[in-house]
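Trainee: using only what follows, build the 3D model:
(3 chains)
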Amino acid sequence: MYSQFVDTGSDGQKGGQDASEQERAFQARIDEGISIEPKDWMPEKYRKTLVRQISQHAHSEIVGMLPEGNWITRAPSLRRKLILLAKVQDEAGHGLYLYSAAETLGASRDDLLDALHDGRAKYSSIFNYPTLTWADIGAIGWLVDGAAIMNQVPLCRCSYGPYARAMVRVCKEESFHQRQGYELLLEMVNGTEEQKAMAQDALNRWWWPSLMMFGPADGDSVHTQQSMAWKIKRHTNDELRQRFIDQTVPQAHYLGLSIPDPDLRWNEETGHYEIGEIDWDEFWNVVNGNGPCNRERLAARRTAYEDGAWVREAARAHAEKRQKRRAAA
Amino acid sequence: MNTREQQQFEYLLRLGDSDLILGQRLSAWLGHAPVLEEEMATGNVALDLVGQARSWLSLAGELEAQGRDADRLAYFRDAFDYRNVLITERPNGDYAYTIMRQFLFDAYHYPLLQQLSGSAHEGIREVAAKSVKEVEYHVRRSSEWVIRMGDGTQESHQRIQAALDDLWMYTGEMLTPDDVDDALLEAGVGADLEQVAWSWHDRVRAVTEEATLTLPDESWMQQGGKQGRHTEHLGYILAEMQHLPRSYPDARW
Amino acid sequence: MSKDWPLWEVFIRSKHGLSHKHVGSIHATDAEMAMNNARDVYTRRNEGASIWVVPSVQIVSSAPGDKGMLFDPSEDKVYRHPTFYDVPSDVENM
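Mentor: Here you go, the predicted model:
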């Protein structure tokens, strides 16, 4: 998802005899569904895991502005331009809400950004793929935002109050993101032959990376158990992935597009779609920096940050000068 | 269209094109601004401007009555048919350049819309009355940023001063009436640019003074945007903006 | 030291006449910027009729450890609630 690999700092769930009195009380509180607030006691690992998870999510939002942002100036109608502008701006807002949530845990936005810029922090693998045609803007809304929503809606009930509240706001705002993407593609598949071809091509390129957004298969996801006990992850990767597939395949059919998976089939008994093998080799390569756009995305973020340093400094310097002048007056 | 309608059409294109081109420029900052809060703010200004452009161009299309809507006007006119003021097509440059460009335009845009809110033309009056609220905020925000940069660090002072010096020659055009401006003023439809200029000078003087900036000497002013003679930049802006609809003229998006 | 701009908490009163409600935070170097940023971030969907911004360092909050002392004592003060009192149902307008 937007936070695909969150290290909980432990290999499994700690409970029973090993846990301290405080930890047991903490877990009991989570089990009861009482939310944890910034000043409450929390295990250090919970704090660190949350900072990692929330900041990965925040980084994904702001890196995610880039592939779509590069089409704002090329949007093919004024209406589409306004929609895309508003959407990319929302992503900046979501990044902002999430950094704020991480800040309540004692992290500074600046440190989190440093970690992104020097490659220590991760962001969603999906944003390392290029947007090549206008149909990609539709595919991102439909598939990428669709996948994100699957993960984010349950997080509105996660155990950490500020994170849950940020997610409520994010989900409320995101509800138009997926719809605008689908509507965009609907227009294209009902359009010219070239538009239909663009739409199919976009699905061909975005389908598998979208499925990879949900992260490694459950068997390879060592931290899931602890995160679920802490209620900062509410469903496993494979559960969410399956739900996404079941929901999306009929939507593709409605568009008259075919899913680029020869092994895709409906299983009457389970009531689910079955898919072919995900290329995990590609996934890990994209995660580890070898995706088509990893370097460009990070370079763009770094440049923005470095070029903006004097602006941030100027505002600060002016505020200090003004304060001094006021004190002297 | 008769002469009067032709002049109104020109006037509406000027309003719409200036908003559209500046909105287009600003929107390129998304994802690259100095701080997240500025991404949001820049996005809002860009949204306001593109939204206003859409309203003005719709009015222009209705007046022309040739079946051209706002999109048709935005996407299927070449540079020589564009009527934006030149300052709006200046490149983004550094953030000081973007802020100064914005401020110099806002300081003109705000009194212009105030005047147009009293236009005899109902459509113009309505769009102006709605837009003027947005632009009142734009000018407040850009003024504050000019002051922050001018009175910030040595580096920011140098950058914003350099931006002011460079952009100065593109300000005269906004404030100098031509035949179209005169005709519309006389008809009670257009703005009185003399008054707009007063307001502009007052604000620019006050803000630059607080920002400890030096106003450039009155110098040669570039002209031509309002008549369709542009800088080289506009061709590139349009090539990027219009590429899709022009490549696939039969497509709907 | 963090290079971040100072943090501000944002409170918005919506149009429905309710009290200002905490909606989140933003970074800003001065009060004007804090107000602008709060507006640009938190009122994009017609949410606001009034904004308060407060430097986060100025907020004083109760300590979680004081929860028992501060809040539990009010639990048994049932006589503060109207349902504590029996009034015959044929008495109207009460």
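
Trainee: could you pull out the strands for chain C?
Mentor: C:7-13, C:21-27, C:50-55 (DSSP state E).

Trainee: before we move on, what about the stretch 1-150 of chain B?
Mentor: Ranges of strands in the stretch 1-150 of chain B, per DSSP state E, counting those that start in this stretch: none exist.

Trainee: grab the most central residue of chain C for me.
Mentor: Taking CA atoms, centre = their mean, the centroid of chain C lies closest to residue C:21, which sits 4.3 Å from it.

Trainee: that one against residue C:14, yeah?
Mentor: Yes - contact status for residue C:21 versus residue C:14: in contact at 7.4 Å, counting by CB atoms under 8 Å. Every residue, glycine included, has its C-beta placed from N, CA and C.

Trainee: which ones are touching the nearest residue to residue C:63 once chain neighbours are set aside?
Mentor: Nearest residue to residue C:63 in three dimensions, chain neighbours excluded: residue A:39, at 6.7 Å (CB to CB, 6 or more residues apart in numbering or on different chains). Neighbouring residues of residue A:39 by CB atoms under 8 Å, 6 or more residues apart in numbering or on different chains: C:61, C:63-64.

Trainee: who touches the nearest residue to residue B:70 once chain neighbours are set aside in this structure?
Mentor: Once flanking residues are discounted, residue B:70 sits nearest to residue B:57: 3.8 Å by CB to CB, 6+ apart. Shown in contact with residue B:57 (CB under 8 Å, 6+ apart): A:78, B:12-13, B:16-17, B:20, B:69-70, B:73-74.

Trainee: which residues does the helix ranked longest in chain C contact?
Mentor: Under DSSP state H, the helix in chain C containing the largest number of residues is helix C:31-42. Residues from elsewhere that reach helix C:31-42 (CB under 8 Å, 6+ apart): A:93, A:96, A:315, B:37, B:40-41, B:44, B:137, B:140-141, B:144, B:148, C:8, C:10, C:12, C:23-24, C:26-28, C:48, C:51, C:53, C:55.

Trainee: what's the ChimeraX line that selects buried ones from these?
Mentor: Buried members of these, defined by 16 or more other CB atoms under 10 Å in any protein chain shown, are picked up in ChimeraX with:
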select /A:93,96,315 /B:37,40,41,44,137,141,144,148 /C:8,10,12,23,24,26,27,28,48,51,53
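
Trainee: hang on, the earlier thing: using TSV, please lay out the contacts of residue A:39 together with distance to residue C:86 and pLDDT.
Mentor: Shown next, in TSV, are the contacts of residue A:39 (distance: CB to CB, whole Å; pLDDT from 0 to 100):
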residue	distance to residue C:86	pLDDT
C:61	40	90
C:63	39	85
C:64	38	83
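
Trainee: show me where chain B has its helices.
Mentor: B:3-27, B:36-64, B:70-75, B:95-116, B:122-150, B:154-167, B:172-175, B:179-186, B:193-210, B:233-247.

Trainee: turn the ones you listed into a markdown table, including distance to residue A:319 and mean pLDDT.
Mentor: Below are the helices of chain B laid out as a markdown table (distance: least, CB to CB, whole Å; pLDDT from 0 to 100):
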| stretch | distance to residue A:319 | mean pLDDT |
| --- | --- | --- |
| helix B:3-27 | 25 | 97 |
| helix B:36-64 | 14 | 98 |
| helix B:70-75 | 40 | 98 |
| helix B:95-116 | 17 | 98 |
| helix B:122-150 | 8 | 98 |
| helix B:154-167 | 13 | 98 |
| helix B:172-175 | 32 | 97 |
| helix B:179-186 | 41 | 98 |
| helix B:193-210 | 14 | 98 |
| helix B:233-247 | 35 | 98 |
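
Trainee: how about the ones you listed in TSV, adding distance to residue C:35?
Mentor: TSV is the format used below for the helices of chain B (distance: least, CB to CB, whole Å):
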stretch	distance to residue C:35
helix B:3-27	21
helix B:36-64	12
helix B:70-75	33
helix B:95-116	18
helix B:122-150	10
helix B:154-167	21
helix B:172-175	29
helix B:179-186	36
helix B:193-210	18
helix B:233-247	33
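
Trainee: for the closest residue to residue B:185 other than its chain neighbours, give its distance to residue B:177.
Mentor: Take residue B:185 and drop its neighbours on the chain: the residue closest to it by CB to CB, 6+ apart is residue B:192, 5.6 Å away. Counting by CB to CB, to the nearest Å, the gap from residue B:192 to residue B:177 is 9 Å.

Trainee: need the overlap of contacts for the two.
Mentor: Residues within reach of residue B:192 and of residue B:177 at once, by CB under 8 Å, 6+ apart, are residue B:185.

Trainee: looking at those two, which one has more neighbours?
Mentor: residue B:177 (18 against 15; other CB atoms under 10 Å in any protein chain shown).

Trainee: setting the sequence-adjacent residues aside, check what's closest to that one.
Mentor: Counting by CB to CB, 6+ apart, the residue nearest residue B:177 is residue B:193, at 4.4 Å.

Trainee: where's whichever residue of the stretch 1-150 of chain A sits closest to chain B, which helix or strand?
Mentor: Proximity of the stretch 1-150 of chain A to chain B (CB to the nearest CB) peaks at residue A:89, 3.3 Å away. Using DSSP states H and E, the element containing residue A:89 is helix A:78-103.

Trainee: quick one: terminal-to-terminal distance for stretch B:170-189?
Mentor: Terminal residues of stretch B:170-189 are spaced 25 Å apart (CA to CA, to the nearest Å).

Trainee: nearest to residue A:101, out of the contacts of residue B:57: which one, please.
Mentor: residue A:78 (34.9 Å; CB to CB).

Trainee: nearest residue to the closest one other than its sequence neighbours?
Mentor: Nearest one to residue A:78, counting by CB to CB, 6+ apart, is residue B:54 at 4.7 Å.

Trainee: before we move on, what about residue B:91?
Mentor: residue B:233 (6.2 Å).

Trainee: tally up the residues packed near that neighbour, please.
Mentor: Neighbour number of residue B:233 under other CB under 10 Å is 16.

Trainee: cool, residue A:324 as well?
Mentor: By other CB under 10 Å, 10 other residues sit near residue A:324.

Trainee: can you pull the buried residues of the helix or strand hosting it?
Mentor: Using DSSP H and E, residue A:324 sits in helix A:309-328. Residues of helix A:309-328 classed as buried by neighbour count (16+ other CB under 10 Å): A:310-319.

Trainee: contacting residues around residue A:73?
Mentor: Residues near residue A:73 by CB under 8 Å, 6+ apart: B:24, B:27-28, B:240-241.

Trainee: any of these buried? List them.
Mentor: Buried among the contacts of residue A:73 by 16+ other CB under 10 Å: B:24, B:27-28, B:241.

Trainee: my guess is residue B:119 contacts residue B:188, does it?
Mentor: Yes - with contact defined as CB under 8 Å, residue B:119 reaches residue B:188; the gap is 7.2 Å.

Trainee: which one's more surrounded, these two?
Mentor: residue B:119 (20 against 10).

Trainee: and for the spatially closest residue to that one that is not a sequence neighbour, the neighbour number?
Mentor: Distances taken as CB to CB, 6+ apart place residue B:125 nearest to residue B:119, at 4.6 Å, with adjacent residues excluded. By the criterion of other CB under 10 Å, residue B:125 has 15 neighbours.
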